[in-house]
Structure formats: structure tokens, C-alpha cells
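>>> build me a model:
(2 chains)
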Amino acid sequence: MLTGQEYIESLKKLKPVVYYEGKKIESVVGHPLIQPHINSAAATYDIAFDPAFEDLGTAVSHLTGEKINRFTYIHQTPEDLVKKVKMLRMIGQRTGSCFQRCVGFDALNAVYSTTYDMDQKLGTSYHSRFVEYLKDVEKRDTMITGAMTDPKGDRGLKPSQQADPDMYVHFVSKNEEGIVVRGAKAHMTGMANSHEMLIMPTTALKEEDADYAVCCVIPVDAPGVLHIFGRQTNDGRKYNEIDQGNFKFGVVGGETLTILEDVFVPWDKVFMCGEYEFAGTLVERFASFHRQNYGACKIGLTDIIIGACALIAEYNGTAKANHIKDKIVEMIHLSETMYCCSLACSGEGRKLPSGACYVDPLLANVVKQNITRYIYEICRISHDIAGGIMATLPSEVDLKHPELGKYVQKYMMGVASVPVENRFKILRLIENMTGGTALVESMHGAGSPQAQRVMLARQANLEHKKELAKKLVDISD
Amino acid sequence: MLKIGVKYCGNCNPQINGPKLVKKVKKLLPDSLFLSAEVPDIDVLLIVSGCPVDCATRPKFIGPLVVIAGKTVDRMPCEAAKIAEVVAEKLQKHDSKA
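Alright, predicted model coming up:
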């Protein structure tokens, strides 16, 4: 296993091509835009060595019997799924931001079980190939970006019907050595500071789209790979500490648009190539594992938001007001409701043919559907408690300005015993954790709300519910 | 010297500060050795779970056990301020030389 520092050192050896605002980033390590995300990902490594957290941060490999970082583990039991949820909450409490590594974790688990099923039905040998890769991942403690989302172009058209065939990642050729892939993956969490990406199809596919059924591993710095780092609503503040809110760990995952311009992938890193009938299974499993997470990591973050709201109420002198106390209770209720859902879909986990354990997909989709609503409600309440000053606060530069500072200090004071700078820090923390890019991530991360509703409709067994109603009132037909 | 293996739960939503509590117990038992629960030949195992769910994975160990789980010690409710004292007393009972 790697420590956080060893992970950071390992990034220095890679040479990914990353651009931001037209300029090439020479080293992701130390760059003010990316370093906070690196710090956050490093937390996933450090917890494996801290006695207080290692019970969640590590697991015993079912392949080798070795102690490994849990982010490289294939879940074997519902208890493992519960441990994952608890681990994500615990890390979220420490970073207050996305730590990115769950995406690759979920991709590993989804590909593991899907390649097994594929081999059983089609006689392919993808699973044994993937197991070899997985052993290497466990040993090297690799940080992997789960690369699923394609740009998708016209959402009303299938991949092969698009005006531009590259709107979905596809293979353009194959030979005895391997395959060549082309296309792009959008909003790739943690990509700039990962070691490798695990490419997966983004949607269920039919025969005419078989070229789009691709699953493979590509190093982030492979020839033909280009990353364009995305803007965030607060990225103009990256050179000020207080104004960033969470300057150590940033906001969300540091997403990229990653372009694959005829990238060669050797066969030992290819886990699907044309088996279109299994694309849907892979997507569904990855999505369900990933939606499980949101009632976990986000709850770590809401733990911080709730704490920050309780503090700002104290700093503002409103903590004793009954409506403030009640609003904080409401936030706790919403937060723990989401956590309940993640625990439930884990507790109801079941074994797949490969022996790996899979969340209950219906309940996992309920988790994420609730996130798209309850996080917004929690953030709305936080704005209510914090007050409008959260949005109109002078800058950190003015707070510390030799001439203006005295006015900012004087008029931005709340409760007299609380340093004005502390009030600034908490207000900025709430502002940055509850608005802009951070908020939108709750809506669309792990799939937009409609994607979950499609799954709910598919999984809920409506016919059974109709039968229940008919039976109760003696309708027989 | 009493060798105490310490195993934490992982602290996802703790009701107590486990590491801080163990520091207090260490102060009360200055002659004991606090080790990782994975170390062989420990005399007693101290489980420190942050809440009553007590989900800490039990290491392979056959021998006496003291369990803190939130504000309980060996399943009995305990005042937060007294947990360290109660635990130290229980651990000391397993020191054959005491």
C-alpha cells in the first residue's frame, strides 16, 4: 500500500498532457488548481495507515490474502458494502470535498463481475485477464479514474447515428497487438491526478453500436491522451486561502474533458471489445455502485456543513433562536435519511455469479435520487442560517488590507468575542461547499435524476404492486 | 508489563473520541504497553468503537477482551468522563503481575 506522500511522489513520475485556459500545466503536483484535489485523494491513502481509520480504509484481498487499500478491493459480502459506506463518510468528514477515488473503485467492481458473466455466456477470457490486472492494481495501489461518461452529442440519437461518430468512445481498429480507441470522456473526476483510467461504455448498446462496446485501461499519460481541466465557479479564488472556503481540499473532484485521439491499448488491458449485449450490465452495475456512494461521502460533507451552520449561528448571535435550532435538526434529519439509504442498499447486497457482492440496485438509485433533492434543501437551509453576508462578504485581501482592513474588521464583526477572521472562514466554507460547482455535482454526479427514475421504474416491479391492490379488493381477471 | 492490543472501528460517525480516550487510558496505565492489535503475544485486546454499533473488525485473538463502544464499556452504559478510568481498571485485572 502507498502512503499519501508516496502517492503524490508517484504522480511526479507521470507526464499527463493537461491544459487549463489554453495553457499547458507542466506538473499537476503543486499546481494551485489541482493540488487541493491531490491532497483530497491522498487522504484515501493515508487512512490505510492510521490505526483510527484503517479498519475501514483497508481490506483483505480475496485474490491474494494480502492487506490492501479498500479502494482496490472487490466486495465479497454485504458487510463489505457497509464498510465502504462508512469509509466514504469518514473520509468526507476529513476532506470536506470529493476525494475522487470511489469512481475507479466502483469501476473495478463493476468490470470484475461483468467480465465474469461475459466469459460464462460468450466463452471469452476477459475475466482472467482482468483478475491479473486487478492483482497488479492491488499491489501498486493504483488510483484509477472510472471513465464512463461520453460527451453523447445529440441525446436523441444512438452512438452510430451521431453526426460525428466520436461522440461516444469506440474502437477504430484492432490487430494482434491490441486495439485503437477514439473519442472523449467528459467530466472525469480526479483524472489529472490519477495513474490510469478504466474506460467503460456509457449506455446500453445494440448490435449496430458494437464498436462502442469498449472497456479497457489506459494510462493517463498514454500517447494520444489529452486532458482539458474544467472551470469551477470559485477557481478565480485559488490564490487566496480564506476566499476558497476549503483551500486544503478544494471543491468537487477537479474534472477534465479527456480526449482519446487514436490511443493504442494492448490486449492485456482490454476487457470488452464489441460485446455490446453486456454494455448495459456494466453500466447498470457501475451506476448502482456509484449511486450507493452518495449517501456516504456527501454525508461526510453535510456533517461539516451542519457543523459550520451551528458555528455561524453562534458567531452571528442567533444560535439560541428556536427556528435556527429547528433548521439544524432538519438538516440532520435530511442528512441521516440519505445515509440510511446507503446503508440499506448495502445491507441488501447480494452475491453475483462471480462471487462478488453487489448493492441492491433499486435502493442504490433511491440514494442518488434523494441526493438530488435533499442536498439542495440542506444547502438552502445553510444559506438561510448563514445570512446574506455569506454572498456579499468583502474579499480576504480587503480583510487584511492595511487601510481597508480596519473597516472590514469593524463592520463585519458578529458576536464581539469571535475574531472576525473566524467568521469569514466559516462563511466562506459554507459558501463554497453549498453553491456553484459543488451544488450541481449533487444533481448530476453518478447520473442525472432521470437516469435514476428510469432505474426505479425498471426495478420496482409495478405488476406486483397492481396485483396486491387487486387482491385486496377481490378483482380477478 | 501488560501488553494491550488496540483496535479501532474506523470512526465514521463517532460519539466519542477514541484515540483521545486511549491516550487517557495510557496515562492511567503508564507501565503497560499499547500496541497494534495485529501484534502477536498481546495479553488483552481493547476494542475502541466510536458508537454502540461496534463494527470494529475483531482480529484473530483468543484471550480477554475489553470493548468500548460509544458511551458503553463491555455493553454497560458509562459516563463519558469515566470511560478511561473504568477501562483502565478492567485492563489492569488482566495484568498477571499486578
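>>> contacts only, for whichever residue of the stretch 101-250 of chain A sits closest to chain B.
Residue nearest to chain B within the stretch 101-250 of chain A: residue A:102 (14.6 Å; CB to the nearest CB). The C-beta positions use only the backbone N, C-alpha and C, and glycine is treated the same way. Contact analysis of residue A:102 by CB atoms under 8 Å, 6 or more residues apart in numbering or on different chains lists A:71, A:88, A:290, A:293, A:297.
>>> in strands, which of these fall?
Judged by DSSP state E, the contacts of residue A:102 include no members of strands.
>>> determine which two of those residues are furthest apart.
Pairwise distances among the contacts of residue A:102 were taken by CB to CB; the largest, 13.4 Å, belongs to A:71 and A:290.
>>> who's more crowded, these two?
It is residue A:71, of residue A:71 and residue A:290, that has more neighbours when counted by other CB atoms under 10 Å in any protein chain shown, with 30 against 25.
>>> next one: that one from chain B, what distance?
14 Å (CB to the nearest CB, to the nearest Å).
>>> pick out whichever of the contacts of residue A:102 sits closest to residue B:77.
Using CB to CB, residue A:88 is the member of these that lies nearest residue B:77, at 29.8 Å.
>>> what sits against the closest one?
Residue A:88 makes contact with A:102, A:293, A:296, A:297, A:300 under the criterion CB under 8 Å, 6+ apart.
>>> chain neighbours aside, what residue packs nearest to residue A:144?
In this structure, residue A:144 finds its nearest non-sequential neighbour in residue A:104, 3.0 Å apart by CB to CB, 6 or more residues apart in numbering or on different chains.
>>> so which residue of chain B comes closest to chain A?
For chain B, the residue closest to chain A is residue B:10, as judged by CB to the nearest CB, at 3.2 Å.
>>> so who does residue A:254 touch?
Residues near residue A:254 by CB under 8 Å, 6+ apart: A:33, A:34, A:36, A:37, A:100, A:189, A:190, A:191, A:192, A:193, A:229, A:230.
>>> how does it look with 6 Å?
A:34, A:37 (CB atoms under 6 Å, 6 or more residues apart in numbering or on different chains).
>>> can you tell me the SS state at it?
coil (DSSP: H, G, I helix; E, B strand; the rest coil).
>>> before we move on, back to that, which of the contacts of residue A:88 fall in helices?
A:102, A:293, A:297, A:300 (DSSP state H).
>>> point out the residues in chain A that sit beside chain B.
A:51, A:52, A:53, A:55, A:56, A:86, A:89, A:90 (CB under 6 Å from any CB of the partner chain).
>>> OK, contacts around the closest residue in space to the first one that isn't next to it in sequence?
Distances taken as CB to CB, 6+ apart place residue B:8 nearest to residue A:51, at 5.7 Å, with adjacent residues excluded. Going by CB under 6 Å, 6+ apart, residue B:8 touches A:51, A:52, B:18, B:48.
>>> now, among these, which is nearest to residue A:43?
residue A:52 (13.1 Å).
>>> can you pull up the bridge partners for the residue nearest the centre of chain B?
Centroid-nearest residue in chain B: residue B:46, 3.0 Å away (criterion: CA atoms, centre = their mean). As for beta bridges, residue B:46 partners with residue B:6, residue B:66 under DSSP bridges.
>>> identify the residue nearest residue B:35 in space, chain neighbours excluded?
Residue B:35's closest residue in space is residue B:5 (CB to CB, 6+ apart), at 5.5 Å.
>>> tell me, how many residues neighbour that neighbour?
When neighbours are counted by other CB under 10 Å, residue B:5 registers 23.
>>> same deal with residue A:261?
14.
>>> which parts of the helix or strand it falls within are buried?
Here residue A:261, judged by DSSP states H and E, is contained in strand A:256-266. Buried residues in strand A:256-266, counted by 16 or more other CB atoms under 10 Å in any protein chain shown: A:256, A:257, A:258, A:259, A:260, A:263, A:265.
>>> what ranges does the stretch 1-150 of chain A have for its helices?
Ranges of helices in the stretch 1-150 of chain A, per DSSP state H, counting those that start in this stretch, are A:4-12, A:35-46, A:54-57, A:78-95, A:101-122, A:126-140.
>>> same check on chain B?
Using DSSP H, helices in chain B cover B:18-28, B:83-92.
>>> please apply the same query to the stretch 151-300 of chain A.
Using DSSP H, counting those that start in this stretch, the helices of the stretch 151-300 of chain A run over A:241-244, A:279-293, A:297-316.
>>> of the ones you listed, flag the one that's most buried.
Ranked by mean neighbour count, the helices of the stretch 151-300 of chain A are led by helix A:279-293 with a mean of 24 (mean count of other CB atoms under 10 Å in any protein chain shown).
>>> packing partners for that one?
helix A:101-122, helix A:361-386 (3 or more CB pairs under 6 Å, 6 or more residues apart in numbering or on different chains; DSSP states H and E).
>>> so which of these is the most packed in?
Comparing these by mean neighbour count (mean count of other CB under 10 Å), helix A:101-122 comes out on top with a mean of 24.
>>> tilt between that one and helix A:35-46?
Counting by axes from the mean of the first three to the mean of the last three CA atoms, to 10 degrees, helix A:101-122 lies at 60 degrees to helix A:35-46.
>>> follow-up on the earlier one: adding mean pLDDT, write the helices of the stretch 1-150 of chain A out as CSV.
Listed next are those as CSV, based on pLDDT from 0 to 100:
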stretch, mean pLDDT
helix A:4-12, 98
helix A:35-46, 98
helix A:54-57, 98
helix A:78-95, 98
helix A:101-122, 98
helix A:126-140, 98
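>>> for residue B:14, which of those helices is the nearest?
Minimum separation from residue B:14 across the helices of the stretch 1-150 of chain A (CB to CB) falls at helix A:78-95, 9.1 Å.
>>> what's the angle from the closest one to helix A:101-122?
150 degrees.
>>> okay, buried residues for helix A:78-95 please.
For helix A:78-95, by 16+ other CB under 10 Å, it's A:78, A:80-95.
>>> one more: stretch A:316-329?
A:316, A:318, A:319, A:324, A:327, A:328.
>>> what does that stretch rub up against?
Residues outside stretch A:316-329 that contact it (CB under 6 Å, 6+ apart): A:310, A:313, A:381, A:385, A:414, A:415.
>>> no further questions, thank you.
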